[in-house]
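Visitor: The following comprises the amino acid sequence and a computationally predicted model.
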Amino acid sequence: MHFYNNKINLTAKFSGHPSSVCGYRSAVCGLHWSWKETRCSASLRLGFFAIILLAVSTASAQSYSTKNLKSHITYLASDKLQGRGTGTKGEKMAAKYITKQFRKIGLTPKGTDGYLQSYTFKPSANPHATTEDANVQPVNGTNVIGYLDNGAANTIIVGAHFDHLGLGYDKNSLDPNPEGKIHNGADDNASGVAGVIELARHYHDNDVKEPYNFLFICFSGEELGLYGSKKFCEHPTMDLSKTHLMVNLDMIGRLKEDKTLMVGGVGTAPGLEKLIEDARGNLKVNRDSSGIGPSDHTSFYLKDIPVLFFFTGQHSDYHKPSDDAGKINYAGEAEVLGFIQRSIDAAVEKPKFTFTATKNKTANNPSFKVTLGIMPDYVFDGTGLRIDGVTDDRPAARAGLKAGDVIVQMGDLPIADIQDYMKALGKFSKGEKTMVKIKRGSEEKSVEVEF
Ligand SMILES: [Zn+2]
């Protein structure tokens, strides 16, 4: 998950993108549409068919192996990989591990060099740096790409980023003194990578030939600014216009006790909202219609591709050295994967989706000059903006705001949700002071914040 504070640069960069709905897409719609074709003979009698249906539904209800998830996450988030910073040895080791898994499963290599697609970029470390800055050293990143060819016209892309913050030198850590500490990134995003590997195994090993192909892709460069996914979208190894849906898994390892998670992108094609509602089972879902978010699906959305983004929410270990494998809710992740699979299974039954541009909150907030230094709770569905984490020595921390506080007003602007918060931020400048009204438990409090 890309650090929220940096999302500002990101959205500013993206704000010029044309958000037209591609007319020819809808024309293509339906032409390549074919019913799910199973390997069972069509001449089976109804009774047998019912038994098979039962078997199929039992198979899809079958939970994902927590043992496999644990072994992927434990390796990827081990100290040996030194936090998988993009361009480091640990990142290459992670790429090697994913390659090995893709090969073992039997996916076809779909990079530019076997499973790999490598690229070089100059990260912009701060809002004022440009990629042309001669002092910025180029970084070499890698995407790992495997393909499951079902002989179909169109493809579903399932992705997750595998890079993380390395040793905390990239300014994205929330630790007060991060330098030199290994940021293992178990939830962010070894959890998503483990999910991609296990979904790949499922779709490869099931006895169903879906009417869509699958492309499984693990990106790096995400934490520094979605570089891997941008690279793939600019230099795709498949025809991107043949994408039915892009499914992004970023931080799916911390399902909370109340079983609430967030799904973004539900407004990017008609039918996605209902599809998610029908597939969620006993999980609770907070939906976000926008195709723009703090992770790699944004790159695909900006290429007019329908997207879904699965995320189990922020926590106090987010972007800290303590995001460790021992804190993952493995049974919870298995449940989330069951939900993602049911969503993909439902998408497979649909003709190629028609891309729909969503109203992006960011369009109204192309940039803001100030931030509070907080992690918003993306899955909070009460009124206000719930703080999930506070960065030391930033305006919120200096004003005494804490994780769990709910911001309900900034200056004279009421804050009902994250969009209001972002809009409000756009109204303030550095050095300015304002009153922020919060709810802490049953107490209501006003504090003065200096930006
Ligand atoms: Zn992250």
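Guide: Received, thanks. Numbering: from 1, shown residues only.
Visitor: Arg103: how many residues sit nearby?
Guide: 14 (other C-beta atoms under 10 Å). Backbone N, C-alpha and C define where each C-beta goes, glycine included.
Visitor: Now do the phi/psi pair for it.
Guide: phi -70, psi -40 (degrees, to the nearest 10).
Visitor: Not counting sequence-adjacent ones, nearest residue to it?
Guide: Tyr115 (7.3 Å; C-beta to C-beta, 6 or more residues apart in numbering).
Visitor: distance of the spatially closest residue to His202 that is not a sequence neighbour from Ser63?
Guide: Excluding its sequence neighbours, the residue lying closest to His202 (C-beta to C-beta, 6+ apart) is Gln341, at 6.4 Å. Gln341 sits 10 Å away from Ser63, going by C-beta to C-beta, to the nearest Å.
Visitor: who's more crowded, those two?
Guide: Using other C-beta under 10 Å as the criterion, Gln341 and Ser63 rank with Gln341 on top: 21 against 10.
Visitor: What is the least confident helix or strand in this structure?
Guide: helix 23-28 (a mean of 22; mean pLDDT, DSSP states H and E).
Visitor: Could you chop the chain up by domain?
Guide: 5-348, 374-450 (automatic domain parsing).
Visitor: Please spell out which residues along stretch 172-192 are buried.
Guide: Within stretch 172-192, the residues scored as buried using 16 or more other C-beta atoms under 10 Å are 172-175, 178, 181-192.
Visitor: Inside helices: which ones of these?
Guide: Ser191, Gly192 (DSSP state H).
Visitor: ok so, going back, looking at the domains of the chain, which is buried most?
Guide: domain 5-348 (a mean of 20; mean count of other C-beta atoms under 10 Å).
Visitor: where's it relative to the chain centroid, distance-wise?
Guide: 6 Å (C-alpha atoms, centre = their mean, to the nearest Å).
Visitor: residues contacting Ala95?
Guide: Leu116, Thr142, Val144, Phe162, Cys218, Ser220 (C-beta atoms under 8 Å, 6 or more residues apart in numbering).
Visitor: counting contacts, what elements does the longest strand belonging to the chain pack onto?
Guide: If you go by DSSP state E, the chain has its longest strand at strand 139-148. Applying 3 or more C-beta pairs under 8 Å, 6 or more residues apart in numbering; DSSP states H and E, we find strand 139-148 packed against helix 89-105, strand 108-109, strand 116-121, helix 191-205, strand 213-219, helix 227-234.
Visitor: So for it, mean pLDDT?
Guide: The average pLDDT for strand 139-148 rounds to 97.
Visitor: That one: what's the following helix or strand?
Guide: As assigned by DSSP states H and E, the chain's next helix or strand after strand 139-148 is strand 155-161.
Visitor: Briefly note if that next one comes near the ion.
Guide: No: shown here: strand 155-161 not in contact with the ion (C-beta under 5 Å from the ion), separated by at least 7.9 Å.
Visitor: quick one, that strand and helix 191-205 angle?
Guide: Strand 155-161 and helix 191-205 are oriented at 150 degrees to each other (axes from the mean of the first three to the mean of the last three C-alpha atoms, to 10 degrees).
Visitor: where's Leu174 relative to Asp163, distance?
Guide: With C-beta to C-beta as the criterion, Leu174 and Asp163 are 17 Å apart.
Visitor: on that earlier part again, out of the helices and strands packed on strand 139-148, the one nearest Lys439 is which?
Guide: helix 191-205 (30.6 Å; C-beta to C-beta).
Visitor: Could you report the pLDDT at the residue lying closest to Gly326 once chain neighbours are set aside?
Guide: Nearest in space to Gly326, with sequence neighbours left out and distances taken as C-beta to C-beta, 6+ apart, is Ala186 at 7.9 Å. We note a pLDDT of 98 for Ala186 in this prediction.
Visitor: need the contact list for Ala186.
Guide: Contacts of Ala186 (C-beta under 8 Å, 6+ apart): Ile73, Leu76, Ala77, Gly253, Asp323, Asp324, Ala325, Gly326, Lys327, Ile328.
Visitor: you'd agree Asn68 is up against Ala194?
Guide: Yes: counting by C-beta atoms under 8 Å, Asn68 touches Ala194, with 7.3 Å between them.
Visitor: Checking Leu275 next. Helix, strand or coil?
Guide: helix (DSSP: H, G, I helix; E, B strand; the rest coil).
Visitor: surely it meets Ser343?
Guide: Yes: taking contacts as C-beta under 8 Å, Leu275 lies within contact range of Ser343: 6.2 Å.
Visitor: among the helices and strands packed on strand 139-148, which is nearest the ion?
Guide: Nearest to the ion, of all these, is helix 191-205, at 10.2 Å by C-beta to the ion.
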